[in-house]
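Undergrad: I'll drop the sequence and a predicted model, then ask my questions.
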Amino acid sequence: MAENKNGTGRLAPPRHIAIIMDGNGRWAKKRGLPRTAGHKEGAETFRRIATYCKDIGVKYLTVYAFSTENWKRSETEVAAIMALLKKYLLEAVDTMERDHIRLHFFGDMTPISPELRRLARETDEITEHLSKDDFQANVCLNYGGRDEILRAARRFAADCAAGRRSPEDLSEAVFSDYLDSAGIPDPELIIRPSGEQRISNFLLWQCAYSEFYYTDTLWPDFDQAELDRAIAAYHRRDRRFGNAK
Ligand code: FPP
């Protein structure tokens, strides 16, 4: 079994779940709708699943909203995803404190619009006032696992050049602190809906010992029962971390 029972007698959920929100386009196509309608529905699914994760005691939920490669999509689609993020952030600014939801972004925010960046700074400030014990959603925006590792390596090298660090200091723990996920435990469970079975540049450093769960369900159709199935599958896994039985 992967995890101990918590005080309620139920198996405790993973502390950190990460999800590649895939299948929005196919969900829309099946219904004869534009791809953007799939993203709209996908954003609603994110809202429902984040609330459910919080309710069942998951501490961190990390979702892949926009990759460093997603700029290749049409201008209309990119604009629609950014508009959904803006709408979600505007709502978050009003509700995070009330609902005790911390929000954090992973990714290189430099090419993101000044308006979205300002909103992300606002949500970061609100997050700082919330308790570290509160549920935290991490949204990956202009995120790539390789890019995250490169940005971390650059910052470590800059600290070495400035005399704040020396190369001998470098350990897994020290390097982790330079990543977007600094201070956040690695995800125990990574879920990819929509039938695709690949990592697509998501959390490459952090997934070293994650359990993977794949389902054919498209992200807009992903519901609480599906998350329960993913968590149940996780509990059946034998996590050895390289050790032998
Ligand atoms: C992948 O499905 C989905 C995306 C690239 C965008 C995800 C964005 C959102 C759900 C909206 C904003 C997010 C938040 C957190 C409010 P796809 O388009 O690749 O689907 P396909 O493989 O079926 O084409």
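TA: Right, received. Where do you want to start?
Undergrad: Would you check how far apart the residue in the chain positioned nearest to the ligand and Ile191 are?
TA: Going by C-beta to the nearest ligand atom, the ligand is nearest to Gly25 of the chain, at 2.4 Å. Heads up, the C-betas are built off the backbone N, CA and C, glycines and all. As judged by C-beta to C-beta, to the nearest Å, Gly25 and Ile191 stand 18 Å apart.
Undergrad: Which one's more surrounded, those two?
TA: Per other C-beta atoms under 10 Å, whichever of Gly25 and Ile191 has more neighbours is Ile191, with 29 against 21.
Undergrad: Remind me which helix or strand the more buried one belongs to.
TA: strand 189-192 (DSSP states H and E).
Undergrad: If you count contacts, what does that strand end up packed against?
TA: With contacts defined as 3 or more C-beta pairs under 8 Å, 6 or more residues apart in numbering; DSSP states H and E, strand 189-192 has these neighbours: strand 16-20, strand 211-214, helix 224-236.
Undergrad: rerun at 10 Å
TA: Strand 189-192 makes packing contacts with strand 16-20, strand 60-67, strand 211-214, helix 224-236 when contacts are defined by 3 or more C-beta pairs under 10 Å, 6 or more residues apart in numbering; DSSP states H and E.
Undergrad: Find the one among the ones you listed with the highest mean neighbour count.
TA: Highest mean neighbour count among those (mean count of other C-beta atoms under 10 Å): strand 16-20, with a mean of 25.
Undergrad: quick check: angle from the longest helix along the chain to strand 60-67?
TA: In the chain, with assignment by DSSP state H, the single longest helix is helix 75-99. Taking axes from the mean of the first three to the mean of the last three C-alpha atoms, to 10 degrees, one finds helix 75-99 and strand 60-67 inclined to each other by 160 degrees.
Undergrad: Is helix 75-99 positioned near the ligand?
TA: Yes. Judged by C-beta under 6 Å from any ligand atom, helix 75-99 and the ligand are in contact via Ile81, Leu84, Leu85, Tyr88.
Undergrad: And for Asp186, the neighbour number?
TA: Quick note: Asp186 (other C-beta under 10 Å) scores 18 neighbours.
Undergrad: What sits closest to it if chain neighbours are left out?
TA: Leaving out its chain neighbours, the residue that sits closest to Asp186 by C-beta to C-beta, 6 or more residues apart in numbering is Gln206, at 4.4 Å.
Undergrad: Correct me if wrong: that neighbour contacts Glu148.
TA: Yes. When contacts are counted by C-beta atoms under 10 Å, Gln206 is listed as touching Glu148 (9.1 Å).
Undergrad: what touches both of the two?
TA: Shared contacts of Gln206 and Glu148, defined by C-beta atoms under 10 Å, 6 or more residues apart in numbering, are found at Phe106, Leu179, Asp180, Ser181.
Undergrad: Stretch 61-68 near the ligand at all?
TA: Yes. Residues of stretch 61-68 contacting the ligand under C-beta under 6 Å from any ligand atom: Val63, Ala65.
Undergrad: can you tell me the helix or strand for Phe202?
TA: Per DSSP H and E: nothing holds Phe202, as it lies in no helix or strand.
Undergrad: Make sure it is actually in contact with Tyr64.
TA: Yes. Judged on C-beta under 10 Å, Phe202 makes contact with Tyr64 at a distance of 5.3 Å.
Undergrad: how about the residues of the chain near the ligand?
TA: Residues of the chain lying near the ligand (C-beta under 6 Å from any ligand atom): 21-26, 39, 42-43, 46, 63, 65, 70, 81, 84-85, 88, 139, 194.
Undergrad: One more pass at 8 Å, please.
TA: Taking C-beta under 8 Å from any ligand atom as the measure of proximity, the chain contacts the ligand at 20-29, 35, 38-40, 42-43, 45-47, 63-67, 70, 73, 77, 81, 84-85, 87-88, 137, 139, 194, 196, 218-219.
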